[in-house]
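Peer 1: I would like the atomic coordinates for the input below:
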Amino acid sequence: MDCMSIYKYIREFICQSNEYTNRPGPVCPFVPTSLKQNSMYFFISNDQYNTKERIIKMVEQCKYDFLYNLKPNDGNRDRLIYKCLVMLIRSSDVPHSLIDEIQIELKPSFLQDGLMFGEFHQSANSNAIRNESFYPTRTNVPLLVIRYMVANDIIFLTNQEKKYPVETCVNMIKKYLELYHLGSLYRSKPNHLQSANDILEKLNCSIKE
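Peer 2: Predicted structure coming up:
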């Protein structure tokens, strides 16, 4: 039932257009291509993954597999950005707050590898970019998801000071800028660079103060 729930979420929600996104196209524009390219992978946990330590160990192994074992892994960025790994957290002993805690704790290290690390569950509070009242990451089954960064992810690196020390925020933005200048961020535009530089300047000013 958990797998069917996620299947329906992906096929009937994520891959479809939705008026509440306030833009044309599917809720996530990358997922339909990911499915066509057979680049979406799933790890289905069991009841042994019921503590923070065990889930983190699982996530780190999945991260390694994502980077080195799961195809495509040929360095073609236009193909890599469609690859993602979805981890189903099936133990009923894992509260949503723990899923959030793990995501916040591991996100900076994922970003240093050019990856994004997201959380999905029934009480997730990540709203849509163009609609603060729409929460597309709310799922019946808790999930953790790994994917490669794209240029528009600068949105998710804004106003992170409530979650992380300023020094950590600076390191995340510097990594983003590094990837931008390497040409590794999909569909990067000058406005993405400007946003990142603005954030970095603001963070540096807060350190001086």
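
Peer 1: Could you use CA atoms for every contact and neighbour count after this?
Peer 2: Will do.

Peer 1: Determine how far the helix or strand of the chain with the lowest mean pLDDT lies from the middle of the whole chain.
Peer 2: Ranked by mean pLDDT, DSSP states H and E, the weakest helix or strand in the chain is helix 77-80, scoring a mean of 84. The chain centre lies 16 Å from the centre of helix 77-80; the measure is C-alpha atoms, centre = their mean, to the nearest Å.

Peer 1: Paired strands for whichever helix or strand comes after it, with orientation please.
Peer 2: Once helix 77-80 ends, the next helix or strand along the chain (criterion: DSSP states H and E) is strand 84-88. The pairing partners recorded for strand 84-88 under DSSP bridges are strand 40-44 (parallel), strand 143-148 (antiparallel).

Peer 1: neighbouring contacts of stretch 79-99?
Peer 2: 2, 30-31, 33-34, 37, 39-52, 62, 66, 71-73, 119, 121-123, 141-150, 186 (C-alpha atoms under 8 Å, 6 or more residues apart in numbering).

Peer 1: nearest residue to Thr51 other than its sequence neighbours?
Peer 2: Distances taken as C-alpha to C-alpha, 6 or more residues apart in numbering place Val94 nearest to Thr51, at 7.1 Å, with adjacent residues excluded.

Peer 1: How is the one you found assigned, secondary-structure-wise?
Peer 2: Following DSSP: H, G, I helix; E, B strand; the rest coil, the label given to Val94 is coil.

Peer 1: Give me the neighbour count for it.
Peer 2: Val94 sits with 17 neighbouring residues when counted by other C-alpha atoms under 10 Å.

Peer 1: Check the one 5 residues further on too.
Peer 2: The local packing count at Ile99 equals 21, with neighbours defined by other C-alpha under 10 Å.

Peer 1: Is it within a helix or a strand, and which one?
Peer 2: Going by DSSP H and E, Ile99 is part of helix 96-111.

Peer 1: Which residues outside the next helix or strand after that helix are in contact with it?
Peer 2: Downstream of helix 96-111, the next assigned helix or strand under DSSP H and E is strand 115-120. By C-alpha under 8 Å, 6+ apart, the surrounding residues in contact with strand 115-120 are 99-100, 103, 106-107, 110-111, 137-139, 141-149.

Peer 1: Check the average confidence over strand 115-120, would you?
Peer 2: For strand 115-120, the per-residue pLDDT values average out at 97.
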